[in-house]
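Asker: coords please:
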Amino acid sequence: MCDEHGHSAAEAAWSAPRVAEGPAVDPVTLPEVDEVGVTTMVDNTFDALLASAEGVTRASPGAGPTAARQFAGGGALARLRAEHGFSALVTVHSGNVSSTLLFDSGASPDGLAVNAERLGIDAGACRASCSATDTSTTPAASTAWPGCAGAPACR
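Answerer: I've put the predicted structure just below:
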């Protein structure tokens with residue numbers, strides 16, 4: 001199977017791992033932190049029946065109350081919104097200081113904002129945002145979650 005690609009063994013060797021010398025490959029030294037928390041804001045699925053476990057806190061069963069006149073009591077639990085795409089808040093705690101980065105914003109213009117509201121998460125905690133995808137096809141963090149509008153952005 002490897003011989004049927006039309007390229008010589010010498011050409012294939014160019015893609016093999018090899019030693020790289022110099023300062024560009026030196027490891028990056030990161031300061032030690034007390035805790036890193038990752039909150040999934042948007043994902044492809046949501047299972048309201050999954051229970052929390054050690055090291056994992058699931059959304060509250062009461063997350064997402066919404067008005068629904070057709071139901072007794074006039075309301076229902078909409079739960080979290082699942083959609084194609086991904087978004088996570090990464091919060092790093094070190095001593096009394098914490099920093100939060102919004103990593104991507106999901107696919108829809110409002111999925112992130114809806115889930116943040118249902119989880120009770122304040123957009124003001126966001127200090128920066130980073131998009132892993134082409135922003136011409138996904139909403140910018142400032143559009144998807146207006147409270148994050150003043151945060152620096154990267155791609």
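Asker: which residue ranges of the chain form helices?
Answerer: 9-13, 111-119, 141-144 (DSSP state H).
Asker: and those, which one is worst for confidence?
Answerer: Lowest mean pLDDT within these: helix 141-144, a mean of 56.
Asker: was I right about Leu77 contacting Gly62?
Answerer: Yes - under the criterion of CB atoms under 8 Å, Leu77 makes contact with Gly62 at 6.7 Å. C-beta here means a position set from N, CA and C on the backbone, and glycine is covered the same way.
Asker: can you give me the neighbour number for Ser52?
Answerer: Using other CB atoms under 10 Å, Ser52 has 10 neighbouring residues.
Asker: now do the contacts for it.
Answerer: Neighbouring residues of Ser52 by CB atoms under 8 Å, 6 or more residues apart in numbering: Arg58.
Asker: same check, this time on Arg58
Answerer: Going by CB under 8 Å, 6+ apart, Arg58 touches Leu50, Ala51, Ser52.
Asker: kindly recompute the last result at 10 Å.
Answerer: For Arg58, the contact set (CB atoms under 10 Å, 6 or more residues apart in numbering) comprises Phe46, Asp47, Ala48, Leu49, Leu50, Ala51, Ser52, Leu80.
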